[in-house]
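> What follows is a predicted protein model with its sequence.
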Amino acid sequence: MAPVHPSKVYICRQIPTPAVQLLANHCELALWDNAEVAVPREVLLHEIENVDGLLTLLTESVDRELLAAAPRLKIVANMAVGYDNIDLQAAQERGVVITNTPNVLTETTADLTFALMLTVARRVVEATEYLRADQWHTWSPMGLTGLDVYGKTLGIIGLGKIGEAVARRAQGFGMSVLYHNRHRHTRLEETLGAVYKSLEDLLQEADFVCILTPLTPDTHHLIGTRELSLMKQTAILINTSRGPVVEEHALYQALVAGQIFGAGLDVFEQEPVGSEHPLVHLPNVVALPHIGSASMATRTAMAMLAASNLVAVLQGQRPLTPVY
Ligand code: DGY
């Protein structure tokens, strides 16, 4: 009888140990053993030749070329809720299952979204820098004054699970919630009092515009010069979804011109960005390195879910969280 070979999985980055252990119990493993540097494309193209499963992050582009180089591949488990790094059509054509990590990161990402709202409105980073630069000489009546969050109007573009979690937090701050989506969300209209608006009306009425929509061809550059010009001069734009939803140059111009009050950005059009990026320098911008889901518990849960999806599919079972 021919020996039965265990399935082979390639992991594209150093991930939390419990997830590696789970996979090691069921599969033969190879991994790019670095937490901070993404696996080089040529290494991945080589490694993928004889693997049955692949654990990717949003830094790996799973395109036609990669899929064609992987004749045995049955599943790509993306350790992210977003999957704009994956060519779904090409994967479907080859019968490759794609999974993501929804739900486990909802509350953590909502926390960070709310943190950005508070931080930009109350100028928290500017105030910290002011103190570190020894500029605090006396209590000043109008020094470092920002905007209130309590009682204001929140506009959510893309009311999915994370949007719902942000809206719940907003209730505690006595905020009214507007939303714009492809589809009406009647349950949240009833339970949270969320009010559906056209994109234009939401932009005109909201004090905080939170972008939480996935990146698709339809949402690419959804927010540009015209949309920013509709926002209030006292409004704040928050983006914790994907950078390319916002046209960065238009945002830069709106912020420099004082057309809007500020922005909180966890994502950028081309990541990573560094200190040379124009938006990073603006005093009315709080810029973060894509850390929406970055709590220890949540990143571990994401890795475990991705690993569980791999194990399920490679054992001939249904994936826990398939994308299609
Ligand atoms: C995702 O999951 O899509 C995030 O951007 C990373 O947590």
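In hand now; what should we look at? Fair warning: this is a prediction, and the values are worked out from it, not measured in the lab.

> Just want the residue of the stretch 101-250 of the chain that's nearest the ligand.
Relative to the ligand, the nearest point of the stretch 101-250 of the chain is residue 105 (5.4 Å; C-beta to the nearest ligand atom). Every C-beta, even on glycine, is put in place using the N, C-alpha and C of the backbone.

> Contact partners for that residue?
By C-beta atoms under 8 Å, 6 or more residues apart in numbering, residue 105 lies in contact with 81, 162, 292, 293, 298, 301, 302.

> Can I get the buried ones among those as something I can paste into PyMOL?
The following PyMOL line selects those of the contacts of residue 105 that are buried, judged by 16 or more other C-beta atoms under 10 Å:
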select buried, resi 81+162+292+293+298+301+302
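
> what's stretch 79-86 in contact with?
Residues contacting stretch 79-86 (C-beta under 8 Å, 6+ apart): 15, 55-62, 76, 78, 98, 100-102, 105, 162, 214-216, 241-242, 293, 302-303, 306, 323.

> Just to be sure, which of the residues you listed are found in helices?
Applying DSSP state H to the contacts of stretch 79-86, the entries found in helices are 162, 302, 303, 306.

> Against the ligand, how distant is the second one?
Separation of residue 302 from the ligand (C-beta to the nearest ligand atom, to the nearest Å) stands at 7 Å.

> and that residue, what is it in contact with?
Counting by C-beta under 8 Å, 6+ apart, residue 302 has contacts 79, 80, 101, 104, 105, 293.

> I'd like to know which of those is nearest to residue 6.
residue 79 (21.5 Å; C-beta to C-beta).

> okay, now the closest one: neighbour count?
28 (other C-beta atoms under 10 Å).

> do residue 150 as well
10.

> Residue 298 against residue 106, yeah?
No - counting by C-beta atoms under 8 Å, residue 298 does not reach residue 106; the two are 9.1 Å apart.

> circling back: turn the contacts of residue 302 into CSV, columns for distance to residue 272.
Below are these laid out as CSV (distance: C-beta to C-beta, whole Å):
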residue, distance to residue 272
79, 17
80, 15
101, 21
104, 24
105, 20
293, 16
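
> could those residues be laid out in a markdown table, adding pLDDT?
Output for the contacts of residue 302, formatted as a markdown table (pLDDT from 0 to 100):
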| residue | pLDDT |
| --- | --- |
| 79 | 98 |
| 80 | 98 |
| 101 | 98 |
| 104 | 98 |
| 105 | 98 |
| 293 | 98 |
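
> Any buried residues in stretch 124-140, and which?
Buried-residue list, stretch 124-140, by 16+ other C-beta under 10 Å: 124, 125, 126, 127.

> Give me the nearest residue to the first one, chain neighbours excluded.
Using C-beta to C-beta, 6 or more residues apart in numbering and skipping residues adjacent in sequence, the residue nearest residue 124 is residue 118, 7.1 Å away.

> does the one you found really touch residue 149, like I thought?
Yes - taking contacts as C-beta under 8 Å, residue 118 lies within contact range of residue 149: 5.7 Å.

> So which of the two has more stuff around it?
Using other C-beta under 10 Å as the criterion, residue 118 and residue 149 rank with residue 149 on top: 20 against 15.

> Checking residue 120 next. Helix, strand or coil?
Under DSSP: H, G, I helix; E, B strand; the rest coil, residue 120 falls in the helix class.

> Return the residues of the stretch 151-300 of the chain in contact with the ligand.
Within the stretch 151-300 of the chain, the positions lying close to the ligand (C-beta under 6 Å from any ligand atom) are 292, 293.

> 8 Å - rerun?
Contact residues, the stretch 151-300 of the chain versus the ligand (C-beta under 8 Å from any ligand atom): 241, 242, 267, 290, 292, 293, 294.

> among the contacts of stretch 79-86, which are in strands?
Taking DSSP state E, the ones among the contacts of stretch 79-86 that sit in strands are 55, 56, 76, 78, 98.
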